[in-house]
Every structure is written in C-alpha cells, then in structure tokens.
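K.L.:
prediction below, plus the sequence it came from.
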Amino acid sequence: MILHPWTVTLRQETHVPVDVLSALVYLLCALAVGALTRRRPALGVAALLVLAPFDLARYVGPTTITTLKAGLVGMLVALAFSRPDLAAFRTLPVRAMLTAFAATLVAIALSAIHAQHLGAVVREAFKDGEYLLLFLGAVAAFATDPDDRPFWRTLEFAVVLVCCSALAEYALGAHSGLFVRGASLPRIAGALEGPNQLAGYLDVALPVLVARALVHRDRALVGVILLATITDVLTISRSGIVGAAIGVIVVLLVLRPFSSAAWRFAGVMVLIAALGIGLALRAGVPTGYFTLDQATQSADHLGNRSQLWRAAIALWRTSPVVGVGAGNYELDLDEVGLRGVRTHANSIYLQSLAETGVLGLLATVALFAVTIVTLARSRVRRPLVVGALGAAVALASHQVFDDLFFFPKVASAYWLVVGVAIAEIAARRLFERRRAASYVSGPSS
C-alpha cells in the first residue's frame with residue numbers, strides 16, 4: 001500500500017465492465033442476503049444497510065450491476081417465498097408514500113416527450129424504481145419481522161466503517177480538496193462518491209442515531225455519534241453540516257429531552273461543529289467557498305452552483321411543463337454555454353425542474369412533503385420514526401444545494417431508513433385497527 005498523506009488527487013470516473021470475479025461477487029451477495037432474509041427478514045434489511053454505502057458497481061452496457069442491487073434481488077426473492085405480511089401495504093401511510101413515488105415515475109415518463117437522450121430517461125426511471133423497491137422491501141421485511149435490533153446495530157457498524165474509510169484518506173490521499181494558502185486541503189469522502197455525498201449519508205444517519213441515544217443510554221452509541229459528527233465537519237460540506245444540524249434539531253424538538261445529559265450531549269456536538277468551522281476559517285479557506293461562485297478546477301468537469309443553477313433555469317425554459325428529459329441535464333449543458341462541464345445541477349429541486357419540468361418539481365416536493373408529514377403526524381415517537389423524520393428534513397434541506405438522489409449510495413440508505421420507519425407506523429395502525437375490531441366483535445360473541 002502506498003501512502004500519500006494530506007494529498008488531493010482528482011477522481012477519474014471509469015466504466016469497468018462486469019467480469020467473472022465481479023459476477024461471482026454479485027451472485028454471492030444475492031445468495032447471502034436471500035439466506036439472511038429467509039432466516040429473518042430483519043436481517044435482510046440489516047445486510048442492505050451495510051451494502052448501501054459500500055456498493056461495488058460494474059457496467060453492463062450503459063447501466064450498472066451493483067452489490068446492493070444483487071442483495072435487493074436476493075431479499076425480494078426470499079420475501080416472495082416466505083409469505084410476507086402484506087397488510088401494511090393497505091394502510092394509509094404506505095399508500096400515501098406509494099402515490100408520491102408513482103407521481104415521480106409519471107413525471108419521469110412524461111419527460112421523455114422532449115428528451116434528446118431517451119436512454120438517460122430509461123436509466124433514471126430504473127433508478128427511481130430501485131429506490132421504490134428498496135422502500136417496499138424494507139416495509140415488507142419489517143412488517144413481517146418487526147424487530148429493530150438488527151437495524152440499530154448494523155447502522156452503527158456501517159456508520160463506523162464509513163467514517164473510518166473517510167478518515168483514512170488523510171493517510172491514503174483524498175480525491176477532493178480546497179486550495180488553501182498554496183496547498184490543497186483534503187475534503188474526505190471515503191466509501192462515498194464525494195465529500196458532499198458523505199455529508200448527505202451522515203444527514204441520514206446522525207438524526208437517527210441521536211434519536212436512539214436520547215431514548216436509550218449507550219456509551220458506545222454516543223462514541224459513534226461523536227465520530228460521525230467529527231467526520232461530518234471534516235467533509236467541509238457547508239450544506240451537509242447545516243442539514244445534519246437541522247435534522248438533529250428536529251429530533252430534539254420532537255423528543256424534548258429535558259435531562260441535563262441530553263443537552264450536554266447536544267452541546268458537545270454543536271461545539272465540535274463550531275470548532276471545525278472556526279479552524280477551517282483560521283486555516284484560510286477561501287471566502288469564495290461560502291458563495292455560489294466558488295472557483296472550480298477545469299480538470300474535474302464541474303461548474304459552480306451559480307453557473308449550474310443558471311443552466312438549469314435556461315434548460316427548463318425550453319420545456320417548462322415536462323422538462324428536457326430525466327437524466328438529460330448533464331448531457332445538454334453544451335446547449336446553454338457550459339462546455340466541457342458534465343455534472344448534476346447541485347440542487348435536486350432545480351435538477352427536477354430542468355429535467356422533468358414543473359410536473360417533476362411538484363412531484364419531488366410532494367415526495368418529501370408526504371414523507372415528512374406522514375412521519376410527523378403518526379404520533380409514533382419511537383427513536384426510529386423520529387430519527388427518520390429528522391433525516392427527511394435534513395436531506396430535504398441539504399438538497400437545496402445538492403442533488404443527493406443522483407447518487408444511489410445516499411438515496412439507498414435514506415429509503416431503507418424511511419421504509420423501516422413507515423413500516424413501524426403502519427404496524428401501529430394495524431395494531432390499533434385490529435384492537436378496535438376486537439372490541440366491536442367482543443360483546444356480540
């Protein structure tokens with residue numbers, strides 16, 4: 001192993017085709033997750049939680065085969081043969097989420113009307129379909145086996161591995177950085193695609209773990225949260241750090257932990273974030289980094305947010321209702337003057353507006369709104385549900401400045417968490433309904 005401490009080397013995207021060895025890895029993932037799901041569905045969800053941030057991708061033509069997709073297939077096949085409890089799918093929370101998902105798929109389909117690259121539309125439809133299947137699989141598995149212990153331990157384990165993989169870049173070399181006082185300051189990403197994506201993953205994990213820590217005292221869990229907080233600050237992701245803070249604040253407001261220990265814990269997290277930001281400013285982080293006109297390096301084929309947002313508006317104006325086609329934004333940037341740039345719009349809302357028009361933007365906002373309202377109005381105040389609410393608010397806030405659903409590792413973790421939380425709400429609804437039915441039938445029996 002060659003160590004390159006405190007160095008920054010731009011990551012070059014490579015399309016590695018599936019070979020015999022990777023095909024064997026995918027087969028083993030499918031069999032392993034299927035076997036775990038067959039034994040206990042909760043274990044299948046736990047396995048996918050670990051696979052999500054460490055997803056190994058290989059190309060078959062224009063699309064990818066990944067370890068997460070293989071594991072998802074294994075889980076769904078195992079669930080199909082284990083008679084899962086599907087009653088949860090008839091409850092209002094799950095039906096509302098499915099309706100919101102359907103709206104996004106319809107918007108993607110309609111965007112094909114004006115798309116120049118139909119293949120990109122198909123890929124985006126399959127990506128959104130993958131997120132839907134992850135959500136459905138998590139709901140079915142948890143409804144069948146409502147034991148959240150494997151979920152918690154696996155999430156903690158995955159977060160520790162992700163943070164360690166990121167911190168290791170200070171020794172191994174990072175793929176992103178800031179130019180500070182004549183030198184590159186690493187921005188860690190680890191197993192994720194970039195520092196903003198790592199921050200997005202922690203936007204999902206931190207509120208959930210904090211909710212757990214506020215209800216169940218566990219020193220090891222507190223250590224995991226502090227490690228995740230430090231790692232989040234070291235991504236130097238402005239919107240990611242703010243998003244995580246908003247998510248944790250939501251958790252605190254909902255659970256209202258009045259114990260002094262809870263507030264000391266929250267104070268330590270705030271202190272770490274404040275010290276990290278202060279040190280970054282002291283080190284000489286360029287002031288342009290905190291604006292929309294941040295300087296970019298020509299070799300990375302990216303643009304700053306000011307350029308990308310203007311391009312999104314310009315593309316939207318060419319097709320206001322249905323957009324220029326899902327997945328077409330990065331392929332159409334030449335048409336609006338951004339030559340040599342190929343990336344997303346750095347905002348899920350502007351990305352949706354440009355690619356799927358007003359209909360797509362409304363569908364995207366509705367998906368977040370339905371998720372947040374469903375979790376908030378459930379009256380279920382268990383840590384998983386409250387944490388998922390914080391994660392949804394955090395990610396909805398962060399994605400004003402980033403498109404994290406563009407990256408399956410972040411989105412997959414999010415939809416697994418939301419799926420299990422919605423299943424917990426649905427299980428409570430079913431319990432209340434069955435108890436009410438037993439009261440009605442009791443006197444006449």
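P.N.:
Done, it's in.
K.L.:
so the residue lying closest to Leu227 once chain neighbours are set aside versus Tyr201, what's the distance?
P.N.:
Closest residue in space to Leu227, ignoring its immediate chain neighbours: Cys163 at 5.1 Å, by CB to CB, 6 or more residues apart in numbering. Just so you know, the C-beta spots here come from the backbone N, C-alpha and C atoms, and that holds for glycine as well. Taking CB to CB, to the nearest Å as the measure, Cys163 falls 10 Å from Tyr201.
K.L.:
of those two, who's got more company?
P.N.:
Neighbour totals were compared for Cys163 and Tyr201, and Tyr201 leads with 36 against 25 (other CB atoms under 10 Å).
K.L.:
need the contact list for the more buried one.
P.N.:
53, 162, 192, 409-410, 413 (CB atoms under 8 Å, 6 or more residues apart in numbering).
K.L.:
now, those residues that are in strands?
P.N.:
With strands defined by DSSP state E, no entry of those lies inside them.
K.L.:
just those residues now: which is nearest Ala391?
P.N.:
Ala413 (9.1 Å; CB to CB).
K.L.:
which ones are touching the closest one?
P.N.:
Counted by CB under 8 Å, 6+ apart, Ala413 has contacts 49, 52-53, 201, 204-205.
K.L.:
how about a markdown table for those residues, with pLDDT and distance to Ala42 added?
P.N.:
Output for those, formatted as a markdown table (pLDDT from 0 to 100; distance: CB to CB, whole Å):
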| residue | pLDDT | distance to Ala42 |
| --- | --- | --- |
| Leu49 | 94 | 11 |
| Ala52 | 92 | 16 |
| Pro53 | 93 | 19 |
| Tyr201 | 96 | 22 |
| Val204 | 96 | 19 |
| Ala205 | 96 | 18 |
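K.L.:
closest one to Gly340 out of these, please.
P.N.:
Tyr201 (29.1 Å).
K.L.:
nearest residue to that closest one other than its sequence neighbours?
P.N.:
That would be Val410: by CB to CB, 6+ apart, it lies 5.3 Å from Tyr201.
K.L.:
what separation do you get for that neighbour and Asp55?
P.N.:
Taken as CB to CB, the span from Val410 to Asp55 is 11 Å.
K.L.:
pick out whichever of those two has more residues nearby.
P.N.:
With neighbours defined as other CB under 10 Å, Val410 and Asp55 compare such that Val410 has more, 29 against 20.
K.L.:
so that one makes contact with Asn196?
P.N.:
No: with contact defined as CB atoms under 8 Å, Val410 does not count as touching Asn196 (9.2 Å).
K.L.:
who touches both of the two?
P.N.:
Contacts common to Val410 and Asn196, judged by CB under 8 Å, 6+ apart, are Leu404.
K.L.:
rewinding a little: tell me the two of the contacts of Tyr201 that are most distant?
P.N.:
Taking CB to CB as the measure, the contacts of Tyr201 span a maximum distance of 11.0 Å, between Val162 and Val410.
K.L.:
overlap of the contact sets of those two?
P.N.:
Joint contacts of Val162 and Val410 (CB under 8 Å, 6+ apart) are 192, 201.
K.L.:
tell me who's in contact with Met44.
P.N.:
Actually, residue 44 is Gly rather than Met. So Gly44 contacts 33-34, 36-37, 74-75, 78-79, 137, 141 (CB under 8 Å, 6+ apart).
K.L.:
check what pLDDT the residue nearest to Tyr201 gets.
P.N.:
On the pLDDT scale, Val410 is placed at 94.
K.L.:
ditto for His15
P.N.:
At His15, pLDDT is 73.
K.L.:
find the nearest non-adjacent residue to it, please.
P.N.:
With CB to CB, 6+ apart, the residue lying closest to His15 is Tyr59, at 4.6 Å.
K.L.:
ok so, going back, which one of the contacts of Gly44 is nearest Arg310?
P.N.:
Once CB to CB is applied, the member of those that ends up nearest Arg310 is Gly137, at 39.2 Å.
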